[in-house]
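Enquirer: need a structure here:
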Amino acid sequence: MKSRVSSMFWTSFAAACLIAAGPCARELAGPVAPSEWGGEHIGLVVSDAGGTLEYDCASGTIDQKITASTDGNFTAMGTHTIGHGGPVRQDETPDRHPARYDGWTDGETMTLTVTLTDTGAKLGTFTLVRGQPARVFRCL
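Expert: Numbering: from 1, shown residues only. Have a look, this model is predicted:
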């Protein structure tokens, strides 16, 4: 009898844990809501169609809707434009590269890894917080 009660307890406990975890996992899935995100050396403005990024001496775009899976992970494609100090000449061609943005979010915090797809160069991993201002330093 004791074994049967113990077995029923653990089965019920496991079911309760799965039920409790279920809504949390589902809440991470779906499009990232339009909002501003900021962190050290990066700022991201998410729109319904993608996003725009600002770095210390660069800029970028995310050219598709940012949609997270049930675990909060996402991948989106866009561009990364390398900047430089000083003025931009009128006839200057931007140093633009195709980029992949791999990230994770829980809706309040985001990690974002930027990789140039034409060279394979990983530019870094950044941590952003929704509603926080970007802390970007202009190149001179």
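Enquirer: can you tell me the helix or strand for the residue positioned nearest the centre of the chain?
Expert: Computing the C-alpha centroid of the chain and ranking residues by Cα atoms, centre = their mean puts residue 103 first, at 3.8 Å. Taking DSSP states H and E as the criterion, residue 103 maps to strand 95-105.
Enquirer: hang on, the earlier thing: which non-adjacent residue is nearest the residue nearest to the centre of the chain?
Expert: residue 112 (4.4 Å; Cβ to Cβ, 6 or more residues apart in numbering). To be clear about C-beta, it is placed using only N, CA and C from the backbone, and glycine gets the same treatment.
Enquirer: low pLDDT regions in this structure?
Expert: Applying pLDDT under 70 to the chain flags residues 1-26.
Enquirer: let's see 80
Expert: Low-confidence segments of the chain, defined by pLDDT under 80: 1-28, 140.
Enquirer: show me where the chain has strands.
Expert: Along the chain, counting by DSSP state E, strands occupy 30-31, 35-39, 42-47, 50-55, 58-62, 67-68, 73-82, 95-105, 109-116, 122-130.
Enquirer: now do the last one and strand 95-105, the angle between them.
Expert: Relative orientation of strand 122-130 with respect to strand 95-105: 50 degrees, computed using axes from the mean of the first three to the mean of the last three Cα atoms, to 10 degrees.
Enquirer: what's strand 122-130 in contact with?
Expert: Contacts of strand 122-130 from elsewhere in the structure, counted by Cβ atoms under 8 Å, 6 or more residues apart in numbering, are 35-44, 80, 107-116.
Enquirer: understood, closing this out.
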